[in-house]
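Q: coordinates only, sequence not included:
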């Protein structure tokens, strides 16, 4: 049962990351406007509208949290030097915070779809609410798998995983379904935005590593040690190459960013690397000794992904019809 819950959590974090990242992207569009926003508006809205489904798919995690997370064993708090976390990490409080994040995300999606005026104000306020919610939820859903480790940068890393993965997904969708209508300027802007997200993702990821390692404190370094041994280090190297070095080199080309087909291939590389990233962020806390790919993981990815993609496609069609009406 625990192995299934672990696989379900990893898969859920990836697919929910697409929805939350798409919501943040849509709020950014409301704040800034621009021709690039029109190119990916429909897929962003369709992806964000899947949040109610993801709330239902969160139920196995909600009911199994005490089995899945180390803090479910209350005796753990008596043997570590962080008893203050005991009041925060309880099943009921964990589920309340998770429900609030999912509910606020769904509410923001509804509001941004209904807003004709004051879009900029909603975008600004919505992004602030999004960042606040994800600061708690990133700690709850991923970081609390290692409850002795604390990081103020980790929520930003997880948020930019969502931004990058969702932007790559909506760019891939737009380039595949609307290649004939996309202008070179729109493609170029979308490619530049993907490049900016990747650079900032690399910056915050390296910042956490640099601060933790330079501090040379056992509690902080304990998060990285499993990720740099037992085979996990090769996955980290592949992640650096696939999500930063290769896309960075490709996106520096103006011709590649202006061609929908080439931009779609770059987005597909980034999206595939994002699957590796969520696995690297979460799985070593569950299997610290050696790189392990449980058989339940592909199964849960297929189950959640099939449901999510089915709903996304239906919502995307309805959003396009509404836009043309």
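A: Looks like it came in fine. As the structure is a prediction and not an experimental result, all values here were calculated from the model. Numbering: from 1, shown residues only.

Q: gap between residue 280 and residue 37?
A: Residue 280 sits 31 Å away from residue 37, taking Cβ to Cβ, to the nearest Å as the criterion. No exception for glycine: its C-beta is placed from N, CA and C like everyone else's.

Q: actually residue 173, sorry about that
A: In terms of Cβ to Cβ, residue 173 sits 14 Å off from residue 37.

Q: show me where this structure dips below the pLDDT cut-off.
A: Applying pLDDT under 70 to the chain flags the ranges 81-83, 116-117, 321-325.

Q: how about the helices in it?
A: Along the chain, counting by DSSP state H, helices occupy 2-32, 35-48, 51-57, 59-68, 91-114, 119-141, 154-177, 184-215, 218-221, 232-240, 246-251, 254-258, 260-286, 296-324.

Q: nearest to residue 76, of those?
A: helix 59-68 (11.4 Å; Cβ to Cβ).

Q: by contact count, what packs against the closest one?
A: Contacting helix 59-68 under the criterion 3 or more Cβ pairs under 8 Å, 6 or more residues apart in numbering; DSSP states H and E are the following elements: helix 2-32, helix 91-114.

Q: which of those helices sits most buried?
A: Compared across those, helix 2-32 shows the largest average neighbour count, a mean of 23 (mean count of other Cβ atoms under 10 Å).

Q: that helix packs against which elements?
A: Counting by 3+ Cβ pairs under 8 Å, 6+ apart, helix 2-32 packs on helix 35-48, helix 51-57, helix 59-68, helix 91-114, helix 119-141, helix 154-177, helix 260-286, helix 296-324.

Q: can you lay out those helices as JSON lines showing distance to residue 74?
A: Below are the helices and strands packed on helix 2-32 laid out as JSON lines (distance: least, Cβ to Cβ, whole Å):
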{"stretch": "helix 35-48", "distance to residue 74": "37"}
{"stretch": "helix 51-57", "distance to residue 74": "27"}
{"stretch": "helix 59-68", "distance to residue 74": "9"}
{"stretch": "helix 91-114", "distance to residue 74": "10"}
{"stretch": "helix 119-141", "distance to residue 74": "17"}
{"stretch": "helix 154-177", "distance to residue 74": "24"}
{"stretch": "helix 260-286", "distance to residue 74": "19"}
{"stretch": "helix 296-324", "distance to residue 74": "27"}
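
Q: nearest residue to residue 113 other than its sequence neighbours?
A: In space, not counting the residues next to it along the chain, residue 113 is nearest to residue 45; the distance is 6.2 Å by Cβ to Cβ, 6 or more residues apart in numbering.

Q: from residue 26, how far off is the one you found?
A: Distance from residue 45 to residue 26, counting by Cβ to Cβ: 6 Å.

Q: so what sits against both of these two?
A: Residues touching both residue 45 and residue 26 (Cβ atoms under 8 Å, 6 or more residues apart in numbering): 109, 112.

Q: out of the helices of the chain, flag the one nearest residue 80.
A: Closest approach to residue 80 among the helices of the chain (Cβ to Cβ): helix 218-221, 9.4 Å.

Q: residue contacts, residue 120?
A: Applying Cβ under 8 Å, 6+ apart to residue 120 gives the contacts 30, 31, 33.

Q: between those, which is nearest residue 192?
A: Checking the contacts of residue 120 against residue 192 by Cβ to Cβ gives residue 33 as the nearest, at 15.8 Å.

Q: all good on my end, thank you.
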